[in-house]
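>>> Okay, predicted coordinates and the sequence, questions at the end:
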2 protein chains.
Amino acid sequence: MLEQTLDLDALIATVNNLLDAAGDDSSTQKTVLLEYLNELQPFDLANVLSRLEFSKQLAFLSILPVDTAAEVLSHLEFEHQYRLLDHADEQVARAILAQMASDSLVDLLGAIHPLQANEILKRLPPEDLDHIRQMMTYPPESAGGLMTVSYLSVRATWTAEQVIAHFRKVGQTVEEAGYVYVIDQYGRLVGVASMREVILAHPTTPISEIMVTKAISIPVDADQEEAARLLSQYDFTSLPVTDRAGRMVGIITADDILDVVEEEATEDIQRLGGTSPFDSHYLRAPLTELYSKRIGWLLVLLITGYLTGTIMSRFENLLNEVIMLAFFIPLLIDAGGNAGSQASTLVIRAMALGEVESRDFLRVIWREARVGILLGATLGLFAYARALLLGTPADLGLTVAISLCAIVLISSTIGAILPIIGQRIGLDPAVFSSPLITTISDAVGLLIYFEAARLIMGLS
Amino acid sequence: MLEQTLDLDALIATVNNLLDAAGDDSSTQKTVLLEYLNELQPFDLANVLSRLEFSKQLAFLSILPVDTAAEVLSHLEFEHQYRLLDHADEQVARAILAQMASDSLVDLLGAIHPLQANEILKRLPPEDLDHIRQMMTYPPESAGGLMTVSYLSVRATWTAEQVIAHFRKVGQTVEEAGYVYVIDQYGRLVGVASMREVILAHPTTPISEIMVTKAISIPVDADQEEAARLLSQYDFTSLPVTDRAGRMVGIITADDILDVVEEEATEDIQRLGGTSPFDSHYLRAPLTELYSKRIGWLLVLLITGYLTGTIMSRFENLLNEVIMLAFFIPLLIDAGGNAGSQASTLVIRAMALGEVESRDFLRVIWREARVGILLGATLGLFAYARALLLGTPADLGLTVAISLCAIVLISSTIGAILPIIGQRIGLDPAVFSSPLITTISDAVGLLIYFEAARLIMGLS
């Protein structure tokens, strides 16, 4: 941000001073402060606000233009939003609430305690209540849960001139001004025109000649990932949302989708790491949450892990005969686990990006089998060379090398197909495959190792 | 997409028929086809094109309006783009190239063979050459590599009316029409106004009264992740890019950032899974690439894995005395590895989201130590109860239970601090911690287990 980088500390000091001075009701000071703040983005103003004393936060909020205050608020954490709205002057709170984007408002109402939400609902403009209550019924991760209801809608018969005149009237309240949505008398979406085309068109051109009639839209109950996919494929900055009857009910904007993409990536990463989706701030989450999101997976793995003990006990004689066999067990099962998790991570991500589908099952097996042989052979050769160099008994060295090769081959293949199986039976690929891959590759690895030992080393 | 869902097969058949008919130069057929295609999005047209015979692809491209053709092209794979441009009629190719967004063009030039790139450069409008050559010097993952140079720039003294008149003149060529960028006589960015404010303003208002002077911008050499962060924080749909002198050189649009966020998430996920960043299509990547991106990590882990063998050989007597001790080794080291990878995944992601910084070192240790005790105690109690129920010797059961508790505690803590250490020494947290966590938790786990056995079971 070059020289424009914000010096947050200096800024907070200035705001503090100006707030103190403005407290004396000296309107000059207030004007200075306001002109100063008008140049800042809501995101930065929210950062400034968070670092003020609570009483000054309220003063700060009430001094901002109400639409800015509403945007600033939406950058804060939900509990903080509620506390400010609860303590603010009744008039101020009502004015801010009336200006808040419907999606921010619904997110807030869904995140706080129902009793608190009721307090907020009481202060909403009565004409917004139905809309908001309706929006609260959509699951938060659906298109409906993500949309905002302030957009520009016009009729097909209007001219470009009329559209612009209409925009001049309502433009301040729409969330996204890049597109004009054309609806019929039933509210059904019949076309979309970009504001650019409207401005570029001759003033008397009817919007029906400018608009595209095959408008891309998303059903209100579709998953938010579908919305992200559409926006990124079509390079739109916003996407209309329609109900079952094809009536337009809202729009989803690209900035909300950015958050969705970040959030989904976080969830995928956490599932791969063996944690239930965890969207709290790491340092602020209660310990009980950190515990409860992790214990389930660890317990499942512990229970399935006992299988390895059962397998080993079956080969107790072998181990008693050559205790050195035990020394390579951690190495072998780790190699299998690592190769398996590489393969499953690649396939899980490829599935998320739409590159691999469940009908590619055989192609994936064939790929991984070949890559697995290459990887296994490399590791096997390395292990064998090391055994020769360090004077490990030749037959033990060969046993380890051959087992390594077979374990990596099999684990890669299993790691790649588990996510596909998970999806086929309707489970999240990461949740399904992450715990299984360790257990399966451990069990298969031990069986291969002991059988190889029996064959190569002539044990019984 | 409700009833608007595209039936791609039907569409391709229609296009094929219309192309055949249009081939007879019957202009009615051509008009029908064009009207039909005008309703489709470039992304869908690209899908249709990909499924035609190559000769028809060329006919299809030449029939489209040239700006649409340029957009359609940018949705294809780079080799495909080149092949079409190379085989297209010289005039058509030149016209399409002149219309392509500068970022798409630079991406294409960077992806194909330099000799092919030269062929493309020859067909570019001479006035664009300097711009494009300059843009090719920016690293692909920098702001400069992501930006496009077609934006709306005006002077501070212009009125809203003049800005709109200017937009009417050049509007067709700008990539993003949501913002108006205000520059001084040296080309330096002095302000930004949203097109919405310009339209809503009184026609004679100078732009200097509408614009925000503290414009958020990004230096041309900044990382693309920084651009993603700014756009998502500030909820902009585009971001101006400036050079070292503060001169505006381009804009980055939200749709490009969506791709960046997807790409970065993919890389993070792959690093966590132990693969070098792998941006090829999984099913289309050559096997050698799948091999080379994976073998390095597997070899490193194999080499460090020999440490576990060394540790176990030191406790050979113990194992010889009670061979059952070996049966629980896979279970214990897996539990440690799983607890460690949970912790490091959470911290790596929290660091990527800016929630945890390297100065939070002690806070992270303190959190994980407490969560680790809870997790370890739960698993330990479970293991002890199971041992009692299944008649495992009591002292062995106790050894396993206590080791499990200690291993989970220590692995969680180590797993959480490794990413922070990685960042401190300037390495990618995931690349640094993923291989280490397995090795360290294995080694520590074995040491704890054998020492516990010695103490509790009275072995020597």
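Perfect, I can see it now. Please read these numbers as outputs of a predicted model, since none were measured by experiment.
>>> Could you pull up phi and psi at residue A:70?
phi -60, psi -40 (degrees, to the nearest 10).
>>> Report pLDDT for the closest residue to it other than its chain neighbours.
Distances taken as Cβ to Cβ, 6 or more residues apart in numbering or on different chains put residue A:99 closest to residue A:70, at 3.9 Å, once the chain neighbours are dropped. Placement of C-beta: from N, CA and C, glycine included. pLDDT recorded at residue A:99 is 89.
>>> swap in residue A:193?
On the pLDDT scale, residue A:193 gets 92.
>>> again with residue A:5
Reported pLDDT for residue A:5: 55.
>>> just the one 4 residues further on next, same as before
Per-residue pLDDT puts residue A:9 at 81.
>>> what about residue A:288, how many neighbours?
By other Cβ atoms under 10 Å in any protein chain shown, the residues close to residue A:288 number 10.
>>> Spit out the contact partners of it.
Listed by Cβ atoms under 8 Å, 6 or more residues apart in numbering or on different chains, the contact set of residue A:288 is empty.
>>> and it, what helix or strand is that in?
Residue A:288 is part of helix A:287-314 when elements are defined by DSSP states H and E.
>>> Could you do residue A:271 as well?
Using DSSP H and E, residue A:271 falls within helix A:254-272.
>>> how far away is the residue nearest the centre of chain A from residue A:278?
Nearest residue to the geometric centre of chain A (Cα atoms, centre = their mean): residue A:263, 1.7 Å. Separation of residue A:263 from residue A:278 (Cβ to Cβ, to the nearest Å): 11 Å.
>>> what does residue A:358 give?
For residue A:358 relative to residue A:278 (Cβ to Cβ), the value is 28 Å.
>>> Would you mind telling me which of those two has the busier surroundings?
residue A:278 (23 against 14).
>>> and that one, that one's in a strand?
No: checked against DSSP: H, G, I helix; E, B strand; the rest coil, residue A:278 lies outside a strand; its state is coil.
>>> check contacts around the residue nearest to it when sequence neighbours are not counted.
Closest residue to residue A:278 apart from its sequence neighbours, by Cβ to Cβ, 6+ apart: residue A:293 at 4.8 Å. For residue A:293, the contacting residues are A:275, A:276, A:277, A:278, by Cβ under 8 Å, 6+ apart.
>>> out of those residues, which are buried?
A:275, A:278 (16 or more other Cβ atoms under 10 Å in any protein chain shown).
>>> Mind putting the contacts of residue A:293 into JSON lines with pLDDT?
Below are the contacts of residue A:293 laid out as JSON lines (pLDDT from 0 to 100):
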{"residue": "A:275", "pLDDT": "81"}
{"residue": "A:276", "pLDDT": "81"}
{"residue": "A:277", "pLDDT": "78"}
{"residue": "A:278", "pLDDT": "75"}
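>>> Report the two of the contacts of residue A:293 separated the most.
Spatially, the most separated pair among those is A:275 and A:277, at 7.7 Å (Cβ to Cβ).
>>> Looks like residue A:197 contacts residue A:210 (just checking).
Yes: counting by Cβ atoms under 8 Å, residue A:197 does reach residue A:210; the two are 5.0 Å apart.
>>> okay, and the common contacts of these two?
Contacts common to residue A:197 and residue A:210, judged by Cβ under 8 Å, 6+ apart, are absent.
>>> do stretch A:404-411 and chain B meet at all?
Yes: Stretch A:404-411 lies within reach of chain B by Cβ under 8 Å from any Cβ of the partner chain, at A:404, A:408.
>>> just the residues of the stretch 101-250 of chain A that are near chain B, which are they?
Residues of the stretch 101-250 of chain A lying near chain B by Cβ under 8 Å from any Cβ: A:164, A:167-168, A:171-172, A:177-178, A:194-196, A:199-200, A:212-219, A:228, A:230-237, A:242, A:246.
>>> Quick check on those residues: which are buried?
Applying 16+ other Cβ under 10 Å to these flags A:164, A:167, A:171, A:177-178, A:194-196, A:199-200, A:212, A:214-219, A:228, A:230-233, A:235-237, A:242, A:246 as buried.
>>> What sits closest to residue A:222 if chain neighbours are left out?
residue A:143 is the one closest to residue A:222 (Cβ to Cβ, 6+ apart), at 4.6 Å.
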